[in-house]
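Chemist: mind folding the following:
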Amino acid sequence: MITIFCTPKNFDGIFDVIQKNALRSWRKISPDIEIIIFGDSYGACEMAKEINGIYYPDVKCSESGVPLLSDLFFNANKLCSFETLMFINSDIIIPQNILSAINYVRDYFHRFLSVGFRWDMEVTNNIDFENNDEVDFFWEKAKFESIKSSPAAIDYFIFTKNTIKNLPNFVIGRPGYDNWLLWYARRMQIPLIDLSNEIKVIHQNHHFKFHNLKKDPKVHLEKDGLHNRKIHGNKVLNLLDANYELRNTSILKKQSKEWINRNLRSLPQIYPEFSLVLKIYRKLYHNFFHKYF
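Modeler: Below you'll find the predicted structure:
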């Protein structure tokens with residue numbers, strides 16, 4: 001089983017709808033999943049009671065009052081009841097087959113970081129996850145109406161306990177921390193597995209008028225966004241840099257020509273201390289490959 005943890009925005013307006021949809025979808029997966037809700041956002045305590053989750057309001061925040069990634073992961077590793085954890089954004093609806101996908105990964109690796117694409121979709125109504133017909137209708141609708149998002153948009157992270165720890169003080173909900181986590185996994189030689197072939201998660205679209213914001217913080221950097229950029233220093237990767245993938249119930253190491261070429265370009269960024277050697281190796285590799293293949 002797994003421990004899911006999150007830090008929602010205030011349950012107000014459209015966020016009341018989409019966050020309740022998301023958290024109810026998590027609970028629908030199994031009554032035995034542990035769900036921890038961090039932060040003192042409006043309505044979080046009541047939602048924790050509804051889904052039989054754990055409410056943990058005391059988290060460290062930036063000066064603007066936004067939770068810090070480091071404290072969330074520290075407390076999640078400390079409080080969790082299970083060896084597998086998932087940090088997920090509170091607007092993400094997850095499918096029923098996610099546990100089986102996680103089990104395949106756990107059977108293959110003793111430590112890992114699993115991630116995947118999200119599919120964006122307009123959702124404006126509450127979904128009754130106790131009504132199987134309504135749930136089936138939602139997923140059927142998602143086949144036609146959801147749109148696969150950018151490989152730079154990462155909304156869930158599944159990992160073994162204490163594999164991801166001692167993190168910098170990134171601010172949640174601001175750009176960069178998600179892409180840095182992928183860089184961190186590759187840097188620490190933690191297997192990075194893309195679950196997108198088997199798992200389709202739905203991101204419910206929303207506006208960006210929260211936490212004193214008025215515009216998309218990934219486009220219009222404000223103080224917390226600039227803080228994140230300073231920390232990551234462009235040490236960022238995206239989903240295309242995962243070195244493994246789950247496909248047809250099997251964990252496969254990526255070996256396509258496209259991935260090898262991309263990986264050769266990414267390695268100097270992952271290991272900057274060896275960047276000169278890696279760049280020379282890449283040049284030699286391409287010269288050899290084009291000459292003999």
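Chemist: helix, strand or coil for the residue nearest to L252 when sequence neighbours are not counted?
Modeler: Among residues not flanking L252 along the chain, E245 sits closest, at 5.6 Å (Cβ to Cβ, 6 or more residues apart in numbering). From N, CA and C alone the C-beta is placed, and that goes for glycine too. E245 falls in the strand class when you classify it by DSSP: H, G, I helix; E, B strand; the rest coil.
Chemist: what about the residue lying closest to E34 once chain neighbours are set aside, which helix or strand?
Modeler: Nearest non-adjacent residue to E34, counting by Cβ to Cβ, 6+ apart: T3, 4.3 Å away. Applying DSSP states H and E as the criterion places T3 in strand 2-6.
Chemist: could you pull up phi and psi at I93?
Modeler: phi -90, psi 130 (degrees, to the nearest 10).
Chemist: do I14 as well
Modeler: Here is the backbone geometry of I14 (degrees, to the nearest 10): phi -60, psi -30.
Chemist: ok, it touching T124?
Modeler: Yes. In this structure, I14 is within contact of T124 by Cβ atoms under 8 Å, at 7.2 Å.
Chemist: for D58, give its distance to F11.
Modeler: According to Cβ to Cβ, to the nearest Å, D58 and F11 sit 19 Å apart.
Chemist: quick one, which of the two is more surrounded?
Modeler: F11 (20 against 9; other Cβ atoms under 10 Å).
Chemist: isn't that one right next to A44, touching?
Modeler: Yes. F11 lies in contact with A44 (Cβ under 8 Å); the separation is 6.9 Å.
Chemist: residue ranges for the strands of this protein, please.
Modeler: All strands of the chain, identified by DSSP state E, fall at 2-6, 34-38, 54-56, 84-88, 92-93, 113-115, 118-121, 147-148, 156-160, 192-194, 201-204, 244-247, 250-253.
Chemist: can you list the neighbours in contact with the first one?
Modeler: Counting by Cβ atoms under 8 Å, 6 or more residues apart in numbering, the neighbours of strand 2-6 from elsewhere in the structure are 23, 26, 33-38, 72, 76, 79-82, 84-90, 99, 102, 158.
Chemist: please redo it, this time with the cut-off set to 7 Å
Modeler: Outside strand 2-6, the residues within contact range by Cβ atoms under 7 Å, 6 or more residues apart in numbering are 26, 33-38, 72, 76, 80-82, 84-90, 102.
Chemist: quick one: low-confidence parts of the chain?
Modeler: 208-221, 289-293 (pLDDT under 70).
Chemist: so in it, which helix runs the longest?
Modeler: Of all segments of type helix in the chain, defined using DSSP state H, the longest is helix 275-292.
Chemist: which strands and helices sit next to that helix?
Modeler: Secondary-structure packing of helix 275-292 (3 or more Cβ pairs under 7 Å, 6 or more residues apart in numbering; DSSP states H and E): helix 257-270.
Chemist: which other helices and strands contact the helix it packs on?
Modeler: Using 3+ Cβ pairs under 7 Å, 6+ apart, helix 257-270 sits against helix 177-187, helix 275-292.
Chemist: centre of the chain versus the shortest one, how much separation?
Modeler: Computed by Cα atoms, centre = their mean, to the nearest Å, the chain-centroid distance of helix 177-187 equals 11 Å.
Chemist: neighbour count winner among I14 and T124?
Modeler: Taking other Cβ under 10 Å, I14 and T124 do not tie; I14 has more neighbours (16 against 9).
Chemist: how near is the nearest residue to the more buried one once chain neighbours are set aside to Y42?
Modeler: Distance criterion Cβ to Cβ, 6+ apart; nearest residue to I14, sequence neighbours excluded, is H206 at 5.4 Å. Distance, H206 to Y42, using Cβ to Cβ: 16 Å.
Chemist: the more surrounded of these two?
Modeler: H206 (17 against 13).
Chemist: quick one on the thing from earlier: out of the helices and strands packed on helix 257-270, deepest packed?
Modeler: helix 177-187 (a mean of 22; mean count of other Cβ atoms under 10 Å).
Chemist: list the contacts of that one.
Modeler: 69, 113, 115, 152, 154, 157, 164, 170, 192, 228, 232, 235-238, 241, 270.
Chemist: give me the angle between that helix and helix 257-270.
Modeler: 90 degrees (axes from the mean of the first three to the mean of the last three Cα atoms, to 10 degrees).
Chemist: orientation of helix 177-187 relative to strand 156-160 in degrees?
Modeler: 30 degrees.
Chemist: give me the angle between helix 177-187 and strand 84-88.
Modeler: 150 degrees.
Chemist: how many other residues sit next to the closest residue to L72 other than its chain neighbours?
Modeler: Of all residues not flanking L72 in the chain, F38 sits nearest, at 5.5 Å (Cβ to Cβ, 6+ apart). Residues contacting F38 under the criterion other Cβ under 10 Å number 24.
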